[in-house]
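S.K.: I need the structure of the sequence given here:
(2 chains)
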Amino acid sequence: NAGVTQTPKFQVLKTGQSMTLQCAQDMNHNSMYWYRQDPGMGLRLIYYSASEGTTDKGEVPNGYNVSRLNKREFSLRLESAAPSQTSVYFCASTPGGRHEQYFGPGTRLTVT
Amino acid sequence: QKEVEQNSGPLSVPEGAIASLNCTYSDRGSQSFFWYRQYSGKSPELIMSIYSNGDKEDGRFTAQLNKASQYVSLLIRDSQPSDSATYLCAGGNNAGNMLTFGGGTRLMVKP
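M.R.: Below is the predicted model:
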């Protein structure tokens, strides 16, 4: 099992550009999450999906959209990137009936 | 605002000593707690989970939970330089579908 995978690993965008961060898990987990991690701010939840076809906002959803494409895949889209979105983005997933989350390797995004 | 608080550190301990990491939480409805280890430039890795009051041991790691005091701790026995990392405490909400993370404690184990 690859666990949780994320692409790309690194990305540099100019202000106003758009991009989609991809996340996939092969553990048959029900819930999936997108976080951002900034120095001094810890991990903050952007969006989550409790199951295929459902998504909900987290603590910092502004400027982002998500799609739960199927049970395996959960993507995060930046429609018009801003320098404030420079961060490390982590995807995570949780098995059904459990609370612990398993993280992907992360995407380091820089917006200039 | 439900919060999980940790001392940012760094906590410095000599090799072979016990490292004690602490965390407090504000949500009395939290039922599950987790410790993650994060090496610099890497993703968080789950090392311990605890759901009940008391101690839970796994190898060199012991998690402790005191719900009355809203306090969670992680003890690392026989600390090794490879334990040097940031340790994140997380509490689950009552529904169990979200975690709130603390800011992390940086641990340095000196040879």
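
S.K.: So which residues on chain B come close to chain A?
M.R.: Neighbours of chain A within chain B, by C-beta under 8 Å from any C-beta of the partner chain: B:31-32, B:34, B:36, B:42-46, B:49, B:88, B:90, B:92, B:96-99, B:101-104. For glycine as for every other residue, the C-beta is placed from the backbone atoms N, C-alpha and C.

S.K.: hmm, try it at 7 Å
M.R.: B:32, B:34, B:43-44, B:46, B:49, B:92, B:96-99, B:101-104 (C-beta under 7 Å from any C-beta of the partner chain).

S.K.: The nearest residue to A:Ser49 once chain neighbours are set aside - how many residues pack around it?
M.R.: What sits nearest to A:Ser49 in space, not counting adjacent residues and going by C-beta to C-beta, 6 or more residues apart in numbering or on different chains, is A:Arg68, at 4.2 Å. For A:Arg68, the count of nearby residues is 20 (other C-beta atoms under 10 Å in any protein chain shown).

S.K.: repeat for B:Ser52
M.R.: For B:Ser52, using other C-beta under 10 Å, the count is 10.

S.K.: B:Ile18 too?
M.R.: 12.

S.K.: Hmm, it is touching B:Asp83, no?
M.R.: No. Look at B:Ile18 against B:Asp83 with C-beta atoms under 7 Å: they stay out of range, at 11.1 Å.

S.K.: Need the per-residue pLDDT for residue 57.
M.R.: By default, I'm working from chain A. We note a pLDDT of 96 for A:Lys57 in this prediction.

S.K.: Actually, chain B is the one I wanted.
M.R.: 98.

S.K.: Equivalent analysis for B:Asn93, please.
M.R.: pLDDT, B:Asn93: 88.

S.K.: Okay, strands next: where are they in chain A?
M.R.: Using DSSP state E, the strands of chain A run over residues A:4-7, A:10-13, A:19-25, A:31-38, A:42-49, A:56-57, A:64-68, A:74-78, A:87-94, A:102-103, A:107-111.

S.K.: In the sheet, which strands lie alongside the fifth one, parallel or antiparallel?
M.R.: The sheet places strand A:42-49 alongside strand A:31-38 (antiparallel), strand A:56-57 (antiparallel), with pairing taken from DSSP bridges.

S.K.: what residue ranges in chain A score low on pLDDT?
M.R.: For chain A, no stretch has pLDDT under 70.
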